[in-house]
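K.L.:
Sequence first, predicted model second:
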Amino acid sequence: MNIYKNFIEGERDFTDYEDLKKNFKIRIPENFNFAYDVVDYYAEKEPSKRALIWCNDDGEEKIFTFADISRESKRAANVLKRLGIKKGDTVMLILRRRYEFWFLILACHRLGAIAIPATNQLLQKDIEYRTKAAGVKLIITLDDEKIQGEIEKAMPASPLVRGLMTVGKPRGGWLSYHEIAADTPDIFDRPAGDLATKNEDVMLLYFTSGTSGYPKMVQHNFLYPLGHIVTAKYWQNVVDDGVHLTVAETGWAKAVWGKLYGQWLCGSAVLAYDMISFKPHLLLQRMEKYGVTTFCAPPTVYRYMIRQDLRKYNLSKLCYAVTAGEALNPEVYNKFYEQTGIRMFEAYGQTEATVMIGNFPGMTPKPGSMGKPAPGYDVHIVRPDGSDCGPKESGSIIVKLDKGRPFGLFSGYYRDEKLTEAAFEGGIYRTGDTAYIDEDGYIWFIGRDDDVIKTAGYRVSPFEVESILQEHPSVLECAVTGVPDPKRGQAIKATIVLTKDYEASHELELKILEFVKAHTAGYKQPRIIEFVKELPKTISGKIRRVEIREKDSEKSE
């Protein structure tokens, strides 16, 4: 049983892209709340249906049904209420992939409190800024000595925080979630009147960093989960009573893309592997053990997976694999297909939205292409004057809003009317990314506006050069950036992580340069190569080219 059709006009499925794009429409319910209208619905109609499979590197395992999730999230709501949390209050959740994350984010939804998922990689200054900017009332973490120490250092500059709570072992000065929950009831009635949540209320906040300035606070309202029907059903292709695994830490928006809203709406259980560090063979073992049916990960993860012998693992239940987060190199696509027989379906989105562009039912994926516009998103590739680009002409990715706002697009930046007005100025949302569209309507990612390299009068996509480098057997990962050059404006630099069979040397550098020279135009060839042990990345696995540029800039000063 699944309930996603209850929220679609016509209550039907779509197997053809043009039909999906033209006719898919969300039926807007009155005062929708995911905790009550989805989780509790399953708990009542099919209580033993699996919702969450949780495991970690220590061999621990827990399986939660929807009845379990409903009960424990109600208990968690009562815990928060006992601590004085009410509708509109902000609660920061730093829980990595702990199963309590699901209890507590749903508890926030029940109360109408605003959940702020965050990473355990934050430092003191990051925490100080976030607590002040969002008016955080309560911080809940796992028992991580480092992040708890950083939070404690931040508290003198965080006067609005009323309490600190841990879901792990007790800590001096911290509340213990499980101790409080032990004598807290698991009955929590849906609030009514002024305490009831409304569709337009803020439900979720994510801090998202740009290339400059402080992180912005992206806010989503209570209708946001319905936008992820497209994510789960028509991009990830999750199946009722299947097992979906998205590789994401809960501090990143990709977690609610792939570990909560759309999957449960479509009746699929989610697998949460609470790994401390990514090891591809351990991930594959979990996929085999729990019979993963659909899988989503950033290209970084696939790059490491294809270095394994995938045939050693029984992945017979895996029927669909997708990727997002950064552009997919054709080399990775082809090698994964060779080993599994599964074609990866790529998509594009942002913290500010759901899937905006993707490969959907009835489409044949083109390796390296993000696909076509998602239903509800009026996507255009435009020139600086706002006119549409022609085929193969690079331009900015925008979403026109004159025909209506897509489900899943953020409602604004929290507590910042000016920034919100600027984001939607002229009835357009500007993504800040660059792409081109081909003759068949497929869209190809070029890079962030700041990532595009301008060299000797040419505009070069980092991704295009990275895809060529990726084909060389010595290259495990790479990042292409521009460095200041007096003759060219910018010179192309390749920062490379080598596979285990190769060692850095001048001879290897020359061989790589010769390889690139034989496969692309001269103006796209790197002038500089640097070998490194690892590339700087976000918690979601995206390569941080901006950090490489900043370090190169510091060296040149």
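P.N.:
Arrived safely.

K.L.:
State the next helix or strand along the chain beyond the lengthiest helix in the chain.
P.N.:
Counting by DSSP state H, the longest helix found in the chain is helix 66-82. Downstream of helix 66-82, the next assigned helix or strand under DSSP states H and E is strand 90-94.

K.L.:
how about the CA coordinates for that next one, as PDB?
P.N.:
This file holds the C-alpha atoms of strand 90-94, laid out as PDB (Å, rounded to 0.1, in the frame of the first residue of the first chain):
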ATOM      1  CA  THR A  90      13.500  26.400  15.900                       C
ATOM      2  CA  VAL A  91      15.200  23.100  16.900                       C
ATOM      3  CA  MET A  92      18.700  22.100  15.500                       C
ATOM      4  CA  LEU A  93      19.200  18.400  14.800                       C
ATOM      5  CA  ILE A  94      22.800  17.200  14.500                       C
END
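
K.L.:
thinking again about what came up before, please name every helix or strand in contact with the longest helix of the chain.
P.N.:
helix 40-45, strand 50-56, helix 100-111, helix 177-182 (3 or more Cβ pairs under 8 Å, 6 or more residues apart in numbering; DSSP states H and E). C-beta coordinates here come from the backbone N, C-alpha and C atoms, glycine included.

K.L.:
ok, 10 Å please
P.N.:
Where contact means 3 or more Cβ pairs under 10 Å, 6 or more residues apart in numbering; DSSP states H and E, helix 66-82 is packed against helix 40-45, strand 50-56, strand 61-65, helix 100-111, strand 136-141, helix 177-182.

K.L.:
residues of stretch 327-347 that come out buried?
P.N.:
Residues of stretch 327-347 classed as buried by neighbour count (16 or more other Cβ atoms under 10 Å): 327-333, 335-337, 339-340, 342, 344-347.

K.L.:
show me where pLDDT drops low in the stretch 151-300 of the chain?
P.N.:
Where the stretch 151-300 of the chain drops to pLDDT under 70, the residues are 209-213.

K.L.:
redo that, cut-off 90
P.N.:
By pLDDT under 90, the low-scoring segments of the stretch 151-300 of the chain are 208-215, 252, 276-278, 298-300.

K.L.:
for it, what spans make up the strands?
P.N.:
Applying DSSP state E, counting those that start in this stretch to the stretch 151-300 of the chain gives strands spanning 163-166, 175-176, 202-208, 216-221, 243-246, 269-274, 294-297.

K.L.:
The ones you listed into TSV, with extra columns for mean neighbour count and distance to residue 511?
P.N.:
Formatted as TSV, the strands of the stretch 151-300 of the chain follow (neighbours: other Cβ atoms under 10 Å; distance: least, Cβ to Cβ, whole Å):
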stretch	mean neighbour count	distance to residue 511
strand 163-166	19	52
strand 175-176	16	58
strand 202-208	22	39
strand 216-221	22	43
strand 243-246	24	37
strand 269-274	23	38
strand 294-297	27	30
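
K.L.:
so what's the backbone phi/psi at residue 417?
P.N.:
As for residue 417, its main-chain torsions (degrees, to the nearest 10) stand at phi -60, psi -40.

K.L.:
can you check the one 4 residues further on too?
P.N.:
In terms of degrees, to the nearest 10, the main-chain angles of residue 421 are phi -60, psi -40.

K.L.:
do the same with residue 423
P.N.:
According to degrees, to the nearest 10, residue 423 has phi -60, psi -30.

K.L.:
Tell me which of the strands of the stretch 151-300 of the chain lies nearest to residue 12.
P.N.:
Between residue 12 and the strands of the stretch 151-300 of the chain, the tightest spacing by Cβ to Cβ is seen for strand 294-297, at 21.0 Å.
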